[in-house]
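Asker: Build the 3D model from these lines:
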Amino acid sequence: MVPTPLKVATWNIGGGILGESHQRGVSPSLDYYASFLVEHRPDVLCLQEAHDYHGRQVGQAEYLAKCLGYPHFASFPTSASHMAENASLALGVVSRFPIDDAVYKQFPNPGLSIVRPDGQKWSLHDKGYVVARLDLDGQPLGLITGHCFPLHHFGISPTEPMFAQMWEMLRADLLTVGGAGPTVAAVDLNHARLTDILSEVLHSGHYFNAFDATPTTPFGMQKDYILYGQAIRLLTTTVATTDSDHSYCQASFLV
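Answerer: This next block holds a predicted model:
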């Protein structure tokens, strides 16, 4: 079978709002995101913190799919948005290729909360990941995309024992899906050291990290990752600073 060229991107778009995260009541600037995506033309785009409006208006994953001219998209609401009323934060997938058997899996939420210096109370929103299969013109590709808890805001490490079940869920699906065929995973890990929590899938050679020690936020921290399995050849990577609070991250492969 002739290998298929494939560009996979991941981007936490923060509700389509530009600038620092956690802004509330600010209008989205989706056309900025759309123009950036039209320039880079990913074949598969994984979104974190895309707004889903539950049918009241076009969701952000659908909007960006239409801007790219792609026929396939999926949106999986994870929690109420902290940036806009009547919206949910969602994981999104936008694709040139059909999206099949997509399932959302929610992490166990420990229910953490804090009071910020400005008096605001923050509570831990639900997070999770999507397991799906793409049809690359008859060749299946496993896809996992997710968003993990921002535990640094709550003064706790993701390596604490209370999060062991969460990481075991993700590791198990990475190994299961990867064992069934070529697989790509795109995750906003919200943690800089990938090996702290996914060393089993990396050190055993099941997956490789497309870009390492590469800041993906304005504060110089890497939170965003694209992993790929053994049957996939990495060609190039792009980590581009944007007006969002996350970089646009893309990897080009032969599958």
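Asker: Could you tell me which helix of this protein is the longest one?
Answerer: Ordering each helix of the chain by length in residues (DSSP state H) puts helix 164-180 first.
Asker: Please put the alpha-carbon coordinates of that helix into PDB.
Answerer: The C-alpha trace of helix 164-180 is given here as PDB (Å, rounded to 0.1, in the frame of the first residue of the first chain):
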ATOM      1  CA  ALA A 164      -3.100   7.100  38.900                       C
ATOM      2  CA  GLN A 165      -6.500   5.800  37.600                       C
ATOM      3  CA  MET A 166      -6.700   8.700  35.100                       C
ATOM      4  CA  TRP A 167      -3.300   8.100  33.600                       C
ATOM      5  CA  GLU A 168      -3.900   4.300  33.500                       C
ATOM      6  CA  MET A 169      -7.100   5.000  31.500                       C
ATOM      7  CA  LEU A 170      -5.100   7.000  28.900                       C
ATOM      8  CA  ARG A 171      -2.200   4.600  28.800                       C
ATOM      9  CA  ALA A 172      -4.400   1.600  28.300                       C
ATOM     10  CA  ASP A 173      -6.200   3.200  25.400                       C
ATOM     11  CA  LEU A 174      -3.000   4.400  23.800                       C
ATOM     12  CA  LEU A 175      -1.600   0.800  24.000                       C
ATOM     13  CA  THR A 176      -4.900  -0.800  22.800                       C
ATOM     14  CA  VAL A 177      -5.500   1.500  19.900                       C
ATOM     15  CA  GLY A 178      -1.800   1.600  18.900                       C
ATOM     16  CA  GLY A 179      -1.700  -2.200  19.000                       C
ATOM     17  CA  ALA A 180      -4.500  -2.400  16.500                       C
END
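Asker: tell me what that helix is packed against?
Answerer: strand 128-136, strand 139-147, strand 183-188, helix 195-203 (3 or more C-beta pairs under 8 Å, 6 or more residues apart in numbering; DSSP states H and E). Just so you know, the C-beta spots here come from the backbone N, C-alpha and C atoms, and that holds for glycine as well.
Asker: ok, and which of these has the densest surroundings?
Answerer: Looking across the helices and strands packed on helix 164-180 with neighbours counted as mean count of other C-beta atoms under 10 Å, the highest average goes to strand 183-188: a mean of 27.
Asker: Okay, now the sheet partners of it, with direction.
Answerer: strand 139-147 (parallel), strand 224-229 (antiparallel) (DSSP bridges).
Asker: circling back to that earlier point, want to throw the helices and strands packed on helix 164-180 into JSON lines with mean pLDDT?
Answerer: Converted to JSON lines, those look like this (pLDDT from 0 to 100):
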{"stretch": "strand 128-136", "mean pLDDT": "98"}
{"stretch": "strand 139-147", "mean pLDDT": "97"}
{"stretch": "strand 183-188", "mean pLDDT": "98"}
{"stretch": "helix 195-203", "mean pLDDT": "92"}
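Asker: Without its sequence neighbours, what residue ends up closest to Ala9?
Answerer: Spatial nearest neighbour of Ala9, excluding adjacent residues (C-beta to C-beta, 6 or more residues apart in numbering): Pro42 at 3.7 Å.
Asker: Name whatever forms a beta bridge with Ala74.
Answerer: Beta-bridge partners, per DSSP bridges, of Ala74: Val93.
Asker: is it true that it touches Pro98?
Answerer: No: using C-beta atoms under 8 Å as the test, Ala74 is too far from Pro98 to be in contact (10.6 Å).
Asker: wait, which of the strands paired with strand 183-188 is closest to Tyr33?
Answerer: Across the strands paired with strand 183-188, Tyr33 has its closest neighbour in strand 224-229 (15.1 Å, C-beta to C-beta).
Asker: Mind listing residues that contact that closest one?
Answerer: Outside strand 224-229, the residues that touch it by C-beta atoms under 8 Å, 6 or more residues apart in numbering are 8, 10-12, 142, 174, 178, 182-189, 194, 198, 201-202, 206-211, 216, 234, 237, 246-247, 249-251, 253.
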